[in-house]
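In: sequence and predicted structure below; questions after.
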Amino acid sequence: MNNNLFVYNTLSRSKERFVPIHLNHAGMYVCGPTVYGDAHLGHARPAITFDLVFRYLLYLGYKVRYVRNITDVGHLENDADEGEDKIAKKARLEELEPMEVVQYFTDRYHDNIDRLNVKKPSIEPRASGHMIEQINMIREIFDAGFAYESNGSVYFDVEKYNKTNHYGILSGRVLEDLLSNTRDLESQDEKRNSFDFALWKKAQPEHIMRWPSPWSDGFPGWHLECSAMSSKYLGEQFDIHGGGMDLLFPHHESEIAQSTVCFHKAPARYWMHNNMITINGQKMGKSLGNFITLDELFAGTHHALEQAYSPMTIRFFILQAHYRSPLDFGNEALQAAEKGFNKLMKAMETLEKLVPGADSTSDIATLEAKCYEAMNDDFNSPIVIANLFEGVRIINSVYDKKESLTGADLEKLKALFKSFIIDILGLLPETDPTAGIQLVDDLMQVILEIRKNARTNKDWATSDKIRDELARVKISVKDTKDGASWSIE
RNA sequence: GGUAUCAUGGCCGAGCGGUUAGGCAACGGUCUGCAAAACCGUGUACAGCGGUUCGAGUCCGCUUGAUACCUCCA
């Protein structure tokens, strides 16, 4: 097993060799979406980033348990809403059952993510299905003396925790700074300190999503579900915890505090955070209202979009940047990704047509080594892609008979492309809507035959008319030495 | 105000003490009836100011600017 994989750990702010807790096994937990709205481009980033991690670990031979939750309860809208959670609010507005809303957006999330060819996680637990685990965890924290009850709600005592631990270890914060710098928030009277966070929140009478507990009818706090579900399915300590950078504080910080109190150890060894997708240099987010949903991207219906972008274009676009770098959305960049992706896919087709030569003019083994090196260096997909384009150059040159590869190297290159493009990067050829329709093939053959006759007679007007008319229906015809070929745009 | 992360050519984005990133766009060439594709070649770059070093986008300091988090957020 490859043990040269290095992972950037937010905890240490450096790349560390990946050593799993249990030999040949890897446990990974990633914070999933809150299902109260359609998934947007920002949601695609962690889904694809950790899909890449998942796929590469699998590829290396690890037995991976990948847990990605669905948050369907508990996130507070804001203080003014007095504990009404987002999902309940949406449900009341639309007069739907909360679980109806959850189901609707969960299904839509799955549809979008599936189209991006994101592998399904091993377990996808829902917060609402783990009330008992969450209540038990609160009880443990309570019994350990790190929680207090206030008016039916339960809060985590951050100040007390910080006496023996460092609350802020992940985000580089110091509690004293938090004390003096916390913004003024109203209605904090239930809490001893502004930075204490809720473990259990008492439900207001109008609040529909509620569960019984020893303290009140209510719902669990913001950070608890991840601690409860990750420990349930991955153990008290597991290998990788992932999520967006915006969750670093306070969400992940609080997870560490909860788990440390309950299990006396940090929940995860490696903390991985993907950066944000920006639009005009600003974070794309729900609250900012500047987001573009995946549906809109696929259909090209948002006003900021010059065209529709296919799921694979989006996936390629995201993989062309390193996951820890911010990625700026732009039509020009998306269009460049689209062209680059098509070039890569065409080369894959060409690769199948190559015939072996007597010797090799390019070093495929080195190319392969570079791809592994890039993946092992904190999942550097842009470098992998750059190397794959070197492979594209070789493929096209061999096809043009300007270079040659031996049969063995040809097989190596095919295996390399299959492994890295399909298995690891998860890029698939876009399905041609006419694929498998024999009639279309036959019709095209008839048309090109007529055109060929015209060309033989140097009847360029007819030849060009056929090509132009076909271009209007998005079929491009290209004349090569071996005759005309056609493809759907 | 605090914490963290950045600042790379027309655009998107890698890199990291000394060697071409890559994609898209642009220009020249090969091929071609023309076009497209493909291939070959070319250019433009590391925010500013100091410092360390034989040598710095690459390390250190300062300045300027940007973003994220400190309130739900991927």
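Out: Done, it's in.
In: mind giving me the domain ranges of chain A?
Out: Taking automatic domain parsing as the criterion, chain A consists of the domains A:6-274, A:278-424, A:438-488.
In: need the winner for burial among the ones you listed.
Out: Mean neighbour count (mean count of other CB atoms under 10 Å) peaks for domain A:6-274 among those, with a mean of 19. The C-beta positions use only the backbone N, C-alpha and C, and glycine is treated the same way.
In: quick check: the residue of chain A nearest RNA strand B.
Out: Closest residue of chain A to RNA strand B, CB to the nearest atom of the strand: A:G244 (1.7 Å).
In: so that residue makes contact with A:T49?
Out: No: contact criterion CB atoms under 8 Å: A:G244 and A:T49 do not qualify, at 9.1 Å.
In: what sits in contact with each of those two?
Out: For the pair A:G244 and A:T49, residues contacting each of them under the criterion CB atoms under 8 Å, 6 or more residues apart in numbering are A:N274.
In: A:A228 versus A:M137, what's the distance?
Out: A:M137 sits 5 Å away from A:A228, going by CB to CB, to the nearest Å.
In: OK, contacts around the residue of chain A closest to RNA strand B?
Out: Neighbouring residues of A:G244 by CB under 8 Å, 6+ apart: A:C31, A:G42, A:R45, A:P46, A:H273, A:N274, A:M276.
In: cutoff 7 Å now
Out: A:P46, A:H273, A:N274, A:M276 (CB atoms under 7 Å, 6 or more residues apart in numbering).
In: for A:P382, same thing?
Out: Contacts here follow CB under 7 Å, 6+ apart; on that basis A:P382 touches A:Q320, A:A321, A:H322.
In: where does chain A dip in pLDDT?
Out: Judged by pLDDT under 70, chain A has its weakly predicted residues at A:1-2, A:74-85, A:92-95, A:177-189, A:431-436.
In: scan it for its longest helix.
Out: Counting by DSSP state H, the longest helix found in chain A is helix A:331-353.
In: which residues in the stretch 151-300 of chain A form strands?
Out: Along the stretch 151-300 of chain A, the stretches classed as strands by DSSP state E, counting those that start in this stretch are A:153-156, A:197-202, A:218-220, A:238-244, A:268-274, A:277-279, A:282-283.
In: can you list those in TSV and add distance to A:P356?
Out: Listed next are the strands of the stretch 151-300 of chain A as TSV, based on distance: least, CB to CB, whole Å:
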stretch	distance to A:P356
strand A:153-156	65
strand A:197-202	64
strand A:218-220	62
strand A:238-244	42
strand A:268-274	41
strand A:277-279	43
strand A:282-283	51
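In: the residue of chain A closest to RNA strand B pairs with what?
Out: A:G244 forms beta bridges with A:N274, as assigned by DSSP bridges.
In: do A:W211 as well
Out: For A:W211, the beta-bridge partners are A:G218 (DSSP bridges).
In: so it sits right up against A:I132, yeah?
Out: No: taking contacts as CB atoms under 7 Å, A:W211 lies outside contact range of A:I132: 9.4 Å.
In: from A:A39, how far out is the residue of chain A closest to RNA strand B?
Out: When CB to CB is the yardstick, A:G244 and A:A39 sit 13 Å from each other.
In: repeat that for A:I450.
Out: Distance from A:I450 to A:A39, by CB to CB: 47 Å.
In: what sits against the residue lying closest to A:H252 once chain neighbours are set aside?
Out: Nearest-residue entry for A:H252: A:L170, 5.6 Å, with adjacent residues in sequence omitted and distances by CB to CB, 6 or more residues apart in numbering. Under the criterion of CB under 7 Å, 6+ apart, the contact list for A:L170 reads A:T10, A:L11, A:L248, A:H252, A:E253, A:I256, A:W271.
In: check contacts around the last one.
Out: Taking CB under 7 Å, 6+ apart as the criterion, A:W271 is in contact with A:N9, A:T10, A:L11, A:L170, A:H241, A:H252.
In: go on, A:T71?
Out: In this structure, A:T71 makes contact with A:G32, A:P33, A:T34, A:V35, A:A127, A:E225, judged by CB under 7 Å, 6+ apart.
In: keep only these that also lie close to RNA strand B.
Out: Among those, the ones lying near RNA strand B by CB under 7 Å from any atom of the strand are A:G32, A:P33, A:T34.
In: what about A:N4, how many residues nearby?
Out: 12 (other CB atoms under 10 Å).
In: surely it touches A:M375?
Out: No: at 9.7 Å, A:N4 does not count as touching A:M375 under the criterion of CB under 7 Å.
In: which ones among the contacts of A:G244 come in contact with RNA strand B?
Out: Among the contacts of A:G244, the residues within reach of RNA strand B (CB under 7 Å from any atom of the strand) are A:P46, A:N274, A:M276.
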